[in-house]
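Undergrad: Predicted coordinates and the sequence they were generated for:
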Amino acid sequence: MAIGYASPMIFSASTTHALRAVAWLAERDGSKAVMARELARTLKLPADYLTKVLGTLARTGVLTATRGVKGGYKLARSPNAISLIEVVEPFEGKRARPGCLLHPDRPCRDSGACSAHASWAKVKRTYLEFLEKRTVADIRGGA
């Protein structure tokens, strides 16, 4: 199988939409809220689906939501203060922080390690470090 744009995603569609939305919002002046439908049109995403994604991000403190004519969504904090794990975890849950490669129901640890541990632990550490240390500012404008 050739690897390309149609290859399986590392994240769910909800997470990908969330990342694209916050990247776009980070690029804009943060003082003005954006309506979900406008953002959906800009990103070419289903409006109803994106509205649910944005609502989740607002409930978890990544975005603020304001009702009314001048309402909409905007980042709750500076793009530099929102880590990518904060955007990913509400949608991926436990999968955002993977465990053992061969026994996903168990934590990945040195004692009683599986045969893939030596290699997997490095990959997992790099992946988590990326999500925990990179911020929305690092992906700004990439929507």
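TA: Yep, that arrived. Computed from a predicted model, the values in this text were never measured in an experiment.

Undergrad: Now do the contacts for the residue nearest to the spatial centre of the chain.
TA: Among the residues of the chain, the one closest to the centroid is residue 88, at 3.2 Å (C-alpha atoms, centre = their mean). By C-beta atoms under 8 Å, 6 or more residues apart in numbering, the contact set of residue 88 is 11, 15, 18, 19, 96, 131. In this view, the C-beta of every residue, glycine as well, is placed from N, C-alpha and C.

Undergrad: again, only this time at 7 Å
TA: 11, 15, 96, 131 (C-beta atoms under 7 Å, 6 or more residues apart in numbering).

Undergrad: Can you lay out these as JSON lines showing neighbour count and pLDDT?
TA: Shown next, in JSON lines, are these (neighbours: other C-beta atoms under 10 Å; pLDDT from 0 to 100):
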{"residue": "11", "neighbour count": "16", "pLDDT": "87"}
{"residue": "15", "neighbour count": "21", "pLDDT": "94"}
{"residue": "96", "neighbour count": "18", "pLDDT": "82"}
{"residue": "131", "neighbour count": "17", "pLDDT": "94"}
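
Undergrad: Which parts of this structure are helices?
TA: Assigned by DSSP state H, the helices in the chain fall at 13-27, 36-43, 47-59, 84-92, 117-133, 136-139.
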